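Enquirer: Below: sequence and its predicted model.
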Amino acid sequence: MQFLSAASAWFAAALPAIILMYLLKRKYERTEIASHLLWKRVLKEQEANAPWQKLQSRWLLLLQLIIASLVVMALMEPYWERPSRSTHHAVLLIDRSGSMTKEASAAPYDGTNGHSTILNKAIVEAKNWLDSQPEKLLVSIVVTGKQPTLIAAGLRDRDRANELLSAITPYYGTTDYMAALSLADSLHEDQPGGLTVLFSDGQWGSIEELSSIQLRAPLRFMETNESSTGNHVALVSFDIAGKSGEEPGYYGMAAIRNNGDEAVNSVVALYAHYADRAPEMVGELTLHAAPDSWQSAEIRHLPPADYYRAQLQSDAVTIDNVLYQFPGDTAAGKVLLVTEGNLFLEKALQLSGLTVMKATPDGAAPAGETAASVDWAVLDTNADALLEEAEWSALLATLPLWVIDHPEASDGLLRPSSSHIVIGEHPVTKHLQLADMHIGALGSYEREEMAWGEAIITYGGTPALYAGTVGGLPRLWQSFRLQDTDWPLRPEFPVFVLQAASWMNGGLHPHLGTVVAGDTMEFATTAGTLQAKWELVASADEYTKQELEAVRGEAAYMRLDRTTHVAPQLPGLYRLIELGEQGRVLAQRYLHVKADEKEFMNRTNPADWILLEETSGSSGTDQAYSSRKGDSIWTQQDGMLANSPIYAWIALLLLLLLAAEWEVYRRGY
């Protein structure tokens with residue numbers, strides 16, 4: 001038996017007071033009488049009132065002492081501990097954030113990665129905690145993440161619970177701790193008398209923010225061992241700038257952050273990766289960082305490469321030791337311009353970052369490696385005449401096309417009756433107004449000829465620009481010559497060419513940059529894309545290599561009915577491959593996925609967890625299972641215990657004793 005209010009034992013001082021009342025009796029004056037036979041009772045009473053005499057056995061005294069003792073005991077709030085009933089509910093909240101991937105200081109634990117991390121240790125401790133609980137305990141399991149996930153609800157099968165715990169993998173993105181704690185606590189709404197058990201390293205950001213949650217159930221924080229890595233240095237930034245072939249060429253900048261308590265000297269090695277040969281180290285940076293600060297450095301004259309890797313040396317937390325970057329102009333492609341001469345168009349294409357390969361309509365079609373290097377084509381000529389030639393037709397059938405047609409008068413040239421322009425919604429026409437643009441003549445086409453597309457610009461009621469796909473390849477068809485309009489002289493023309501080049505997949509699709517694991521990002525897939533998938537290029541560290549293999553399966557494919565996509569969940573370098581008809585590769589773009597660096601900073605004072613534990617479960621004074629009142633007592637050593645208050649039994653016993661005392665008074669003895 002235990003007491004919740006042991007200080008109430010001071011009320012036991014009432015017991016000596018009761019005894020003192022019987023010892024200190026009133027004294028009478030001495031009086032002489034003739035005989036004591038008639039005063040026997042008076043003598044007995046006088047003898048009883050003599051102070052400091054030996055106490056005699058009296059029922060009244062005994063009953064009064066027992067009643068006073070029971071009142072004192074009730075004030076001390078006694079209870080019996082007993083094994084929990086099967087109706088109790090335990091919610092295991094497992095922290096799987098990036099900081100949990102640090103190596104644990106204890107001996108290796110069994111885990112999915114085969115190495116000892118704090119997360120693996122926490123999972124083993126959660127299993128051990130479950131083993132110490134009653135077999136019929138209801139168990140729910142919640143894991144943290146950008147959005148917390150309930151992976152088990154009200155389980156009694158202990159083997160199944162252990163399987164689900166073993167399957168937990170790290171989450172390297174930004175973790176919403178408030179949502180995780182709220183979800184875990186909400187599971188107690190329909191099952192009072194439960195407990196939330198948090199297995200974590202305690203790095204949960206602002207404890208003040210967490211304390212604002214009114215927890216209906218008690219919280220127990222089971223802290224895992226500290227990491228044995230000592231000072232922790234993270235590679236937090238890596239950028240590449242410059243253009244190949246220009247002085248001073250590419251240059252890179254890397255920054256580290258020292259999350260430890262001692263100053264460190266760290267070495268960052270830079271590697272260039274190529275498609276046709278092994279990577280090579282192209283530079284090395286030595287950075288000195290004071291405690292809780294960051295430092296950066298720059299390196300120049302980097303050779304052109306497909307992508308670059310910066311790797312921090314001699315740091316045990318490997319998940320934030322590697323960053324990838326890629327030069328911005330590596331996405332530039334090559335366009336085949338078939339024209340008799342158009343300086344404005346050629347310059348606009350070059351300003352868009354494209355390499356322009358010119359050809360004349362009466363010349364031979366490119367072949368072999370030259371033709372294979374072309375990404376798309378612009379036909380600034382009479383398209384029907386060019387497509388009638390077998391060699392040109394065979395080449396152009398495999399390329400996205402922007403046709404600037406030169407229709408002849410015999411084909412039905414139209415003189416627009418007005419300058420009214422209607423612009424439809426399309427990636428090519430974004431940011432265009434074309435106010436006061438003049439077009440002298442437009443071609444007229446049968447509806448069947450243009451069934452493959454739709455008119456996205458109409459001038460004077462006549463379609464001026466069609467957009468669509470032919471054979472899965474994007475196609476633009478411009479029904480007027482640039483020589484018949486003042487459009488090339490306007491500032492909007494280079495914008496239009498850039499947007500057309502991007503939509504036509506002329507290699508201008510920019511790389512997707514760097515994103516935190518699991519974050520959302522917005523980008524549009526290439527026109528004509530029927531299937532898109534993520535391909536793993538390089539993992540962030542050796543430990544995640546096995547987990548990253550999972551993205552090679554069906555989960556790597558993207559949904560194409562949206563522009564907002566979710567980045568892969570595991571850090572590394574990925575390539576987005578967009579496929580058209582017959583599996584033709586339309587575009588390839590890099591994406592670097594990194595872990596959230598904030599997860600590796602020491603942000604929570606361990607002492608704050610004590611306060612959070614003490615305030616949990618006391619959101620309402622009328623709660624039947626308040627941790628402060630002890631209505632649901634759980635211990636780490638003895639497993640889950642529930643109390644059994646004995647106030648009701650004390651009250652019943654008091655009533656019986658009061659009835660007995662009344663009987664004593666009634667009888668007179």
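Expert: That came through, no problem.
Enquirer: residues in contact with the residue nearest the centre of the chain?
Expert: Nearest to the geometric centre of the chain sits residue 146, at 2.6 Å (CA atoms, centre = their mean). Residues touching residue 146, when contacts are defined by CB atoms under 8 Å, 6 or more residues apart in numbering, comprise 171, 173-176, 518-519. (C-beta placed from N, C-alpha, C; glycine too.)
Enquirer: Can you give me the neighbour number for residue 296?
Expert: 17 (other CB atoms under 10 Å).
Enquirer: For the stretch 501-650 of the chain, just list every one of the helices.
Expert: 545-548, 606-615, 647-667 (DSSP state H, counting those that start in this stretch).
Enquirer: Out of the ones you listed, name the one with the poorest average pLDDT.
Expert: Mean pLDDT is lowest for helix 545-548 among the helices of the stretch 501-650 of the chain, at a mean of 54.
Enquirer: Direction included, what does the helix or strand containing residue 356 pair up with?
Expert: Secondary structure from DSSP states H and E places residue 356 in strand 355-359. Looking at strand 355-359 with DSSP bridges, its partner strands are strand 334-339 (parallel).
Enquirer: buried sites along the strand it pairs with?
Expert: For strand 334-339, burial by neighbour count (16 or more other CB atoms under 10 Å) applies to 335-339.
Enquirer: between the residues you listed, which is nearest residue 347?
Expert: Taking CB to CB as the measure, residue 347 sits nearest to residue 337 out of the buried residues of strand 334-339, at 11.2 Å.
Enquirer: which residues touch the helix or strand that contains residue 178?
Expert: According to DSSP H and E, residue 178 maps onto helix 177-186. For helix 177-186, contacts defined as CB under 8 Å, 6+ apart pick out 91, 93, 95, 140, 142-145, 147-148, 150, 196, 198, 204-205, 209-210, 213, 215-217, 219.
Enquirer: still on that earlier bit, so what's the backbone phi/psi at the residue nearest to the centre of the chain?
Expert: When read as degrees, to the nearest 10, the backbone of residue 146 gives phi -60, psi -40.
Enquirer: follow-up on the earlier one: quick one, which of the buried residues of strand 334-339 has the minimum pLDDT?
Expert: Within those, pLDDT is lowest for residue 335, at 86.
Enquirer: Would you quantify the distance from that residue to residue 439?
Expert: 24 Å (CB to CB, to the nearest Å).
Enquirer: can you check residue 151 too?
Expert: Distance from residue 151 to residue 439, counting by CB to CB: 62 Å.
Enquirer: Where does the record place the domain boundaries for this protein?
Expert: The record's domain parsing of the chain by automatic domain parsing lists 2-76+647-667, 84-228+605-644, 233-315, 333-503, 514-598.
Enquirer: Can you check which of those gets nearest to residue 325?
Expert: Of all these, domain 233-315 comes closest under CB to CB, at 4.3 Å.
Enquirer: How far does the closest one sit from its chain's centre?
Expert: 27 Å (CA atoms, centre = their mean, to the nearest Å).
Enquirer: tell me the mean pLDDT over that domain?
Expert: 80.
Enquirer: Would you mind naming the helix or strand containing the closest residue in space to residue 450 that isn't next to it in sequence?
Expert: Nearest non-adjacent residue to residue 450, counting by CB to CB, 6 or more residues apart in numbering: residue 466, 5.3 Å away. Following DSSP H and E, the helix or strand that holds residue 466 is strand 462-470.
Enquirer: tilt between the very next helix or strand once past that strand and strand 462-470?
Expert: Note on strand 462-470: by DSSP H and E, the next helix or strand toward the C-terminus is strand 473-478. Between strand 473-478 and strand 462-470, the angle comes out at 170 degrees (axes from the mean of the first three to the mean of the last three CA atoms, to 10 degrees).
Enquirer: who does strand 473-478 touch, helix- and strand-wise?
Expert: strand 401-405, strand 462-470, helix 492-503 (3 or more CB pairs under 8 Å, 6 or more residues apart in numbering; DSSP states H and E).
Enquirer: same thing but 10 Å
Expert: With contacts taken as 3 or more CB pairs under 10 Å, 6 or more residues apart in numbering; DSSP states H and E, strand 473-478 sits against strand 376-381, strand 401-405, strand 442-443, strand 453-459, strand 462-470, helix 492-503.
Enquirer: Indicate each strand paired with that strand and its parallel or antiparallel sense.
Expert: Here, using DSSP bridges, strand 473-478 pairs with strand 401-405 (parallel), strand 462-470 (antiparallel).
Enquirer: Would you mind identifying the helix or strand in this structure with the lowest mean pLDDT?
Expert: The weakest-scoring helix or strand in the chain, judged by mean pLDDT, DSSP states H and E, is strand 634-635 (a mean of 44).
Enquirer: For the helices and strands packed on strand 473-478, could you give me CSV that also reports mean neighbour count, mean pLDDT and distance to residue 657?
Expert: Formatted as CSV, the helices and strands packed on strand 473-478 follow (neighbours: other CB atoms under 10 Å; pLDDT from 0 to 100; distance: least, CB to CB, whole Å):
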stretch, mean neighbour count, mean pLDDT, distance to residue 657
strand 376-381, 24, 89, 100
strand 401-405, 23, 89, 103
strand 442-443, 24, 87, 110
strand 453-459, 19, 90, 96
strand 462-470, 20, 88, 95
helix 492-503, 21, 81, 92
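Enquirer: right, so of the ones you listed, which gets closest to residue 253?
Expert: helix 492-503 (27.5 Å).
Enquirer: chain center to that closest one, what's the gap?
Expert: The answer for helix 492-503 is 37 Å, by CA atoms, centre = their mean.
Enquirer: Using CSV, write out the CA atom coordinates for that helix.
Expert: C-alpha atoms of helix 492-503 as CSV (Å, rounded to 0.1, in the frame of the first residue of the first chain):
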residue,chain,number,x,y,z
GLU,A,492,7.8,39.4,-75.7
PHE,A,493,9.3,37.5,-78.6
PRO,A,494,12.4,36.1,-76.6
VAL,A,495,10.0,35.2,-73.8
PHE,A,496,7.8,33.3,-76.2
VAL,A,497,10.8,31.5,-77.7
LEU,A,498,12.1,30.5,-74.2
GLN,A,499,8.7,29.1,-73.2
ALA,A,500,8.2,27.3,-76.5
ALA,A,501,11.7,25.8,-76.2
SER,A,502,10.9,24.6,-72.6
TRP,A,503,7.6,23.1,-73.7
